[in-house]
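J.: here is my input; please provide its structure:
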Amino acid sequence: MTGNWQTNVITKTVKWSANFYRIMGLEENTEVTFNTYLEHVHPEDIERVKLHQQNTLKNNKFEDLVHRIKLQDGTVKIVRVRANINVNEFGDIIDIIGTCQDITEQKASEQKIIQAKENLIVLTQHLSGQNKQLEDFAHISSHNLRSPVSNLNALLHLYRISETEEEREELFEKFETVISHLTTTLNTLIEALKTKKECEKELEILEFDHILRKTKEIISQKISGTNAIITSDFSKTPKIKYDKTYLESIFLNLVSNAVKYRSPNRAPEVHIKTEIIDGKIKLTFQDNGLGIDLKKHGHKLFGLNKTFHRHPEAKGVGLYLTKVQIESMGGKIYATSEVNKGSVFTVIFNENRHEEPL
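T.: The predicted structure follows:
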């Protein structure tokens with residue numbers, strides 16, 4: 001919410017808009033003076049606000065100011081104050097006309113972002129100290145966190161260049177979703193540091209549609225930025241009993257790759273579907289991207305640190321991790337592909353154990 005205000009330096013009168021009264025928690029048309037505003041400035045910020053006032057009158061220039069206010073009911077808000085100064089022919093200030101924007105929610109979202117990044121740093125430092133037993137886990141962590149962090153950075157860029165309050169409010173809704181997923185991922189990975197033996201893995205009933213929806217939310221900025229079209233058909237088998245962390249990682253890696261390695265000549269299209277083949281769940285990811293020359297690269301398609309396109313984000317980790325996760329659960333993965341037409345990655349679950357069609 002943004003309110004308007006005007007202070008006449010000569011007559012010492014103050015005018016506030018209806019929104020400004022709402023921000024300050026006062027009834028509209030309550031008689032106000034400049035001291036009324038100072039009385040609502042947070043005690044810890046009052047000296048800084050008074051100094052700002054002195055510098056404004058001294059330099060005939062109003063610098064943007066962010067500070068806290070404390071309402072009569074004890075509510076604390078954060079506001080951003082901006083203004084223009086009008087002077088007479090002698091250079092004396094006549095009046096100051098400005099805006100006051102309530103940015104409490106924005107600041108709260110920024111704090112969540114900062115906290116999420118701090119959690120990432122802590123997790124990275126923790127992982128760096130692990131022994132050889134956790135080497136593969138460290139690869140999984142850094143790779144699976146890359147997409148939400150990349151999405152977060154893209155949203156931050158849009159926030160910095162947004163011009164209207166409506167745009168910022170829309171972005172904050174996306175911040176909340178991405179941060180929620182990021183926090184969940186961090187908590188899951190931290191718990192996974194207590195590495196379990198394969199037989200001790202906890203399986204749960206998962207809906208493919210829910211996993212895909214979460215994946216699309218995590219990489220929402222990449223999807224919208226490339227006009228990607230992602231469709232699915234899970235009608236043949238909508239659920240599976242599987243390890244949640246692994247299934248989310250499989251979807252994130254394969255969908256992200258389909259969007260990342262798109263053709264420059266067309267918008268990316270990805271279709272995901274499930275089937276039952278010989279009593280086993282078959283999951284396919286089909287795209288219309290760059291494709292891979294399997295005659296040349298097929299033998300190293302799922303190798304660690306193997307890349308097949310000159311893409312700045314290519315790390316050669318995603319397919320390797322996906323294969324390791326699927327095979328550790330008794331499944332298998334393979335691909336068919338044609339250069340400049342696209343690829344199909346096929347996952348066969350329930351190969352020997354663990355997964356159960358539902």
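J.: can I get the CA coordinates of whichever strand or helix holds Thr346 in PDB?
T.: Assigned by DSSP states H and E, Thr346 belongs to strand 342-348. C-alpha atoms of strand 342-348 as PDB (Å, rounded to 0.1, in the frame of the first residue of the first chain):
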ATOM      1  CA  GLY A 342      14.200 -34.400 -29.600                       C
ATOM      2  CA  SER A 343      14.700 -37.100 -27.100                       C
ATOM      3  CA  VAL A 344      12.700 -39.600 -25.100                       C
ATOM      4  CA  PHE A 345      14.000 -40.800 -21.700                       C
ATOM      5  CA  THR A 346      12.300 -43.900 -20.400                       C
ATOM      6  CA  VAL A 347      12.300 -45.100 -16.800                       C
ATOM      7  CA  ILE A 348      11.200 -48.600 -15.900                       C
END
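J.: low pLDDT regions in the protein?
T.: Along the chain, the model assigns pLDDT under 70 to residues 124-147, 181, 184-201, 297-300, 303-317, 351-358.
J.: going along the chain, name the strands of it.
T.: Remark: strands assigned in the chain by DSSP state E are 2-8, 13-16, 65-70, 76-87, 93-102, 204-207, 229-233, 239-242, 269-277, 280-287, 332-338, 342-348.
J.: returning to what we had before: now the strand holding Thr346 against strand 332-338, angle please.
T.: Going by axes from the mean of the first three to the mean of the last three CA atoms, to 10 degrees, strand 342-348 is angled at 160 degrees with respect to strand 332-338.
J.: buried ones in strand 342-348?
T.: Judged by neighbour count (16 or more other CB atoms under 10 Å), strand 342-348 contains these buried residues: Gly342, Ser343, Phe345, Thr346, Val347, Ile348. For glycine as for every other residue, the C-beta is placed from the backbone atoms N, C-alpha and C.
J.: how far off centre is it?
T.: Centre-to-centre, strand 342-348 and its host chain are 27 Å apart (CA atoms, centre = their mean, to the nearest Å).
J.: ok, Lys296 to Ala116 distance?
T.: Going from Lys296 to Ala116 by CB to CB, to the nearest Å gives 40 Å.
J.: quick one: which of these two has more around it?
T.: Taking Lys296 and Ala116 together and counting by other CB atoms under 10 Å, Ala116 has the greater number of neighbours (19 against 10).
J.: how close does Ile230 get to Ala258?
T.: From Ile230 to Ala258 the distance is 8 Å (CB to CB).
J.: who touches both of the two?
T.: Residues touching both Ile230 and Ala258 (CB atoms under 8 Å, 6 or more residues apart in numbering): Val270.
J.: higher neighbour count, those two?
T.: A count of neighbours by other CB under 10 Å puts Ala258 above the other of Ile230 and Ala258, at 24 against 18.
J.: surely that one and Asp287 touch.
T.: Yes. Counting by CB atoms under 8 Å, Ala258 does reach Asp287; the two are 3.9 Å apart.
J.: between the two, which contacts overlap?
T.: Common contact partners of Ala258 and Asp287 (CB under 8 Å, 6+ apart): Pro268, Val270, Ser343.
J.: go through those residues and name the one nearest Thr215.
T.: Distance to Thr215, by CB to CB, is smallest for Val270 among those, at 10.4 Å.
J.: that closest one and Phe349, how far apart?
T.: Distance from Val270 to Phe349, by CB to CB: 19 Å.
J.: relative to strand 280-287, how tilted is the strand holding Thr346?
T.: Going by the same axes, to 10 degrees, strand 342-348 makes 160 degrees with strand 280-287.
J.: quick one: residues in contact with strand 342-348.
T.: 250, 254, 258, 263, 277, 280-289, 291-292, 326, 331-337.
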